[in-house]
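S.K.: Okay, here's the prediction I keep looking at, along with the sequence it came from:
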Amino acid sequence: MTYEDKCAFIFKKIKEEKPLVHHITNFVVINDNANTMLAIGALPVMSYAREEVEEMVALSQALVLNIGTLTPEVIESAILAGKKANELGIPVVLDPVGAGATQFRTESAWRILREIKVSILRGNQGEIGNLLGIKAKVRGVEGDTVDADMNDLAQEASQRFETVAAITGKVDVVSDGKRVVKIKNGDLLLTKITGTGCMATSLCAACAAVERDYLWAASSALGFLGVCGEIAARHSLGPGSFRVSLFDTFYGIKEEEFKALLSLEVKD
């Protein structure tokens, strides 16, 4: 099986198994995250109340923790849900949105990483750099680049936090501390609408629900988003039509087209 075959097979399994993905996520993108899951064949649930998160995660096959619009109550719910997921062997995907922008945001991400076994850490270069103590400018929740090699950054984050690190940018890099996968797909329009990073995190969780090699779960997810972004851009006049086309592509992309367009560089 080629790497491209493996990535396509993961999305085929999602359609067959229809995993339930529990989200404690950014309020700005709840609808987009839910629609992303439905478009690829997964099932979304958005549950935040600490009174029910442990029960809800027990029904799920993956958990997303996204700190984009965090509050103390959301963090407490995330910790409860994450610990229950760990107890049950359910993969946890963390999106440290805006890490480095404020002390509360950064320390909340660090707390989750300390107290919960995170399967995939998905962030941009600035967010991951700030978590590692490499200062990057953050404006709101938008992280800047850092003065570090992306391969080295992904490997260091993976080793430091004992997780698969998935760093998104012009070229996406995924590492489990030893292996490195570069994904060279995408389009500029993915940066012109809200929530594509959060969609990437949800896609990582859906893939992790059916594929326990989390390096390949994350690589497949980021490759899928990048390829779909390229296809959607062909049919778009700007950000508005691109967003519609992106969801249509999530839903309708053919396996052979995905494999043909996927551009991976793998270092075992």
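M.R.: Yep, that arrived. Numbers count the residues shown, from 1 in each chain.
S.K.: Strands of the stretch 151-268 of the chain, residue ranges please.
M.R.: Secondary structure of the stretch 151-268 of the chain, counting by DSSP state E, counting those that start in this stretch: strands at 164-168, 172-175, 180-183, 264-267.
S.K.: Which among these is found nearest to Ala148?
M.R.: Taking CB to CB, strand 164-168 is the member of the strands of the stretch 151-268 of the chain nearest to Ala148, at 10.2 Å. (Each C-beta comes from the backbone N, C-alpha and C, glycine too.)
S.K.: Surely Cys207 is in contact with Ala8?
M.R.: No - with contact taken as CB atoms under 8 Å, Cys207 and Ala8 are classed as non-touching, separated by 11.5 Å.
S.K.: Minimum distance to Ser236: which of the strands of the stretch 151-268 of the chain has it?
M.R.: strand 164-168 (20.1 Å).
S.K.: my guess is Ala209 meets Pro19, correct?
M.R.: Yes - distance between Ala209 and Pro19: 3.5 Å, which falls inside the contact criterion (CB under 8 Å).
S.K.: what do those two both touch?
M.R.: Ala42, Gln61, Ala62 (CB atoms under 8 Å, 6 or more residues apart in numbering).
S.K.: ok, the second one to Ser236 distance?
M.R.: Distance from Gln61 to Ser236, counting by CB to CB, to the nearest Å: 32 Å.
S.K.: Count the neighbours of the nearest residue to Cys198 once chain neighbours are set aside for me.
M.R.: With CB to CB, 6 or more residues apart in numbering as the measure, Val29 is the residue that lies nearest to Cys198, at 4.4 Å, once sequence neighbours are left out. Val29: 24 surrounding residues under other CB atoms under 10 Å.
S.K.: how about Asp248, what does it touch?
M.R.: With contacts taken as CB under 8 Å, 6+ apart, Asp248 has the following neighbours: Ala232.
S.K.: before we move on, back to that, kindly reformat the strands of the stretch 151-268 of the chain as TSV containing mean pLDDT, mean neighbour count and distance to Leu88.
M.R.: Rendered in TSV, the data for the strands of the stretch 151-268 of the chain read as follows (pLDDT from 0 to 100; neighbours: other CB atoms under 10 Å; distance: least, CB to CB, whole Å):
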stretch	mean pLDDT	mean neighbour count	distance to Leu88
strand 164-168	97	28	19
strand 172-175	98	28	25
strand 180-183	98	23	28
strand 264-267	95	14	31
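S.K.: With respect to Ile231, which of those lies nearest?
M.R.: That would be, of the strands of the stretch 151-268 of the chain and by CB to CB, strand 180-183, which comes in at 15.2 Å.
S.K.: now for the closest one, which elements pack on it?
M.R.: Packing partners of strand 180-183 (3 or more CB pairs under 8 Å, 6 or more residues apart in numbering; DSSP states H and E): helix 150-161, strand 172-175, helix 214-234, strand 264-267.
S.K.: separation between the residue nearest the centre of the chain and Leu94?
M.R.: The structure's the chain has its C-alpha centroid closest to Thr201; by CA atoms, centre = their mean the separation is 1.8 Å. Between Thr201 and Leu94 the computed distance is 8 Å (CB to CB).
S.K.: Assess the claim that the residue nearest to the centre of the chain and Asp95 are in contact.
M.R.: Yes - contact between Thr201 and Asp95 holds when scored by CB under 8 Å: they sit 4.0 Å apart.
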